[in-house]
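Asker: pasted the sequence and its predicted model underneath.
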Amino acid sequence: MISVSITKSSRYGPRKATVAMTLELTIGFIGYAFVTSITPGPNNTMLLASGVNFGLHRSWPHIAGINQGFGAMMFAVGLGADTLFAAVPYLHETLKVVGTLYLLYLAWRIASDRPMTEEDVGTGRPMTFLGAAAFQWVNPKAWMMVIGAISTYVPDNGGWRAVAVVTLLYVVVNLPCIITWTALGIGLRRVLTRPRYVRWFNYLMAMVLCLSVYPSVAELLQAVAPRP
């Protein structure tokens, strides 16, 4: 059982309260973190393409940026950053628009990248740590993952320590999952031995990224559509 001690004020002075994350709840959360981290999404699609085009070593900043950026986002939302969206109603929609446009830009980047040859090794540019970390804030799937985790597994009176425990568990579970997608890309790299095969693969990954923005686009169109 994971216990988190927090201090509360009372008429008799400060007192400690323990917020317990039971074994069952912990196992359930680990399962949630694993499923949401290992299933396809924008991050995993881009890491798959990065594994094919750049290999594991040059994809490490991208991997670390996703992992640490997502953790920072979860911790911030758990501390109350979501109240900002309640105070500024159009901020969430604005982020969705920015995220959609950025995903389409990334899809274009992947589709337009020419296959790397031996002479190109070291000259291509995979996503940077800061770029991957910042992308989490406009990633629709990341928002769904964070909101689901915070609303379901963080007790109402848990305080920042409970948020920190959930964030740490998620980061630990997430890392091997996203490394797996990069490793899959490296495995495909051995199969995609001809430049045109890599080009077709990049086109496919770009198409998958474009399809991943459909739910956000549909939601935005529904929000702006005139109501009868």
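Answerer: Good, I have the coordinates. Residues are numbered from 1 along each chain as shown.
Asker: and the residue nearest the centre of the chain, what element?
Answerer: Geometric centre of the chain, nearest residue: Ala142, 4.1 Å, by Cα atoms, centre = their mean. Assessed by DSSP states H and E, Ala142 sits inside helix 140-153.
Asker: next structured bit after that helix?
Answerer: Following helix 140-153 in sequence, per DSSP H and E, is helix 159-191.
Asker: buried stuff in that following helix?
Answerer: 159, 162-167, 169-171, 173-175, 177-183, 185-186, 188-189 (16 or more other Cβ atoms under 10 Å). Glycine gets a C-beta too; all of them are placed from N, C-alpha and C.
Asker: stretch 59-71 too?
Answerer: Going by neighbour count (16+ other Cβ under 10 Å), the buried part of stretch 59-71 is 59-63, 65-71.
Asker: can you give me the helices for the protein?
Answerer: 23-38, 42-76, 82-87, 89-112, 129-135, 140-153, 159-191, 195-212, 214-224 (DSSP state H).
Asker: so which of the ones you listed is the most packed in?
Answerer: Most buried of those, by mean neighbour count (mean count of other Cβ atoms under 10 Å): helix 42-76, with a mean of 22.
Asker: you'd agree the residue nearest to the centre of the chain is up against Met73?
Answerer: Yes. Contact criterion Cβ atoms under 8 Å: Ala142 and Met73 qualify, at 6.6 Å.
Asker: any shared contact partners between these two?
Answerer: Shared contacts of Ala142 and Met73, defined by Cβ atoms under 8 Å, 6 or more residues apart in numbering, are found at Gln136.
Asker: on that earlier part again, how close does the residue nearest to the centre of the chain sit to Leu184?
Answerer: 20 Å (Cβ to Cβ, to the nearest Å).
Asker: could you do Ile66 as well?
Answerer: Applying Cβ to Cβ to Ile66 and Leu184 gives a distance of 15 Å.
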